[in-house]
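A.B. asks: Build me a model:
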Amino acid sequence: MNGDGQDLTEDTLSIKADNTEAIAEAIVPIVDSERKSRYLSYRACGFNQREACALVGVNTYTPTYWRKTDTEFKEAENKAIGELRQ
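C.D. replies: Residues are numbered from 1 along each chain as shown. Below you'll find the model as predicted:
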């Protein structure tokens, strides 16, 4: 939910998903899970954590768990976010 109590969905986000996954495939390395890959793709395209989680359909705490239990995911996320800062 956003601050207005509205559920976060693709329709309520300021950035639209459209082809973000296709755009990000060149940036984000493939990881062992489709949900992780989709999340990283959205993050690489500029979505914040809450928006990416809403689009993938996972709880906002899920990426924290992934970072703690999957070093490949953590490294891939750092790379994806690092690409945005360049």
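A.B. asks: and the closest residue to T60 other than its chain neighbours, what does it touch?
C.D. replies: Closest residue to T60 apart from its sequence neighbours, by C-beta to C-beta, 6 or more residues apart in numbering: C53 at 4.8 Å. In this view, the C-beta of every residue, glycine as well, is placed from N, C-alpha and C. With contact taken as C-beta atoms under 8 Å, 6 or more residues apart in numbering, C53 is in contact with Y39, N59, T60, T62, P63.
A.B. asks: got the CA coordinates for the lengthiest helix in the chain in CSV?
C.D. replies: As assigned by DSSP state H, the longest helix anywhere in the chain is helix 71-85. Extracted in CSV, the C-alpha atoms of helix 71-85 (Å, rounded to 0.1, in the frame of the first residue of the first chain):
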residue,chain,number,x,y,z
THR,A,71,24.8,-13.9,-2.1
GLU,A,72,24.3,-14.2,-5.9
PHE,A,73,21.1,-12.2,-5.6
LYS,A,74,22.7,-9.6,-3.4
GLU,A,75,25.6,-9.1,-5.8
ALA,A,76,23.1,-8.9,-8.8
GLU,A,77,21.0,-6.3,-7.0
ASN,A,78,24.1,-4.2,-6.2
LYS,A,79,25.0,-4.4,-9.9
ALA,A,80,21.5,-3.5,-11.1
ILE,A,81,21.3,-0.5,-8.8
GLY,A,82,24.8,0.5,-9.5
GLU,A,83,24.0,0.7,-13.3
LEU,A,84,21.3,3.2,-12.5
ARG,A,85,23.7,5.5,-10.7
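A.B. asks: and A52, how far is that from K79?
C.D. replies: Distance of A52 to K79, computed by C-beta to C-beta, to the nearest Å: 15 Å.
A.B. asks: Among those two, which residue is more densely surrounded?
C.D. replies: A52 (26 against 14; other C-beta atoms under 10 Å).
A.B. asks: pLDDT of the helix or strand where the more buried one lies, averaged?
C.D. replies: Here A52 sits within helix 49-56, counting by DSSP states H and E. This predicted structure assigns helix 49-56 an average pLDDT of 95.
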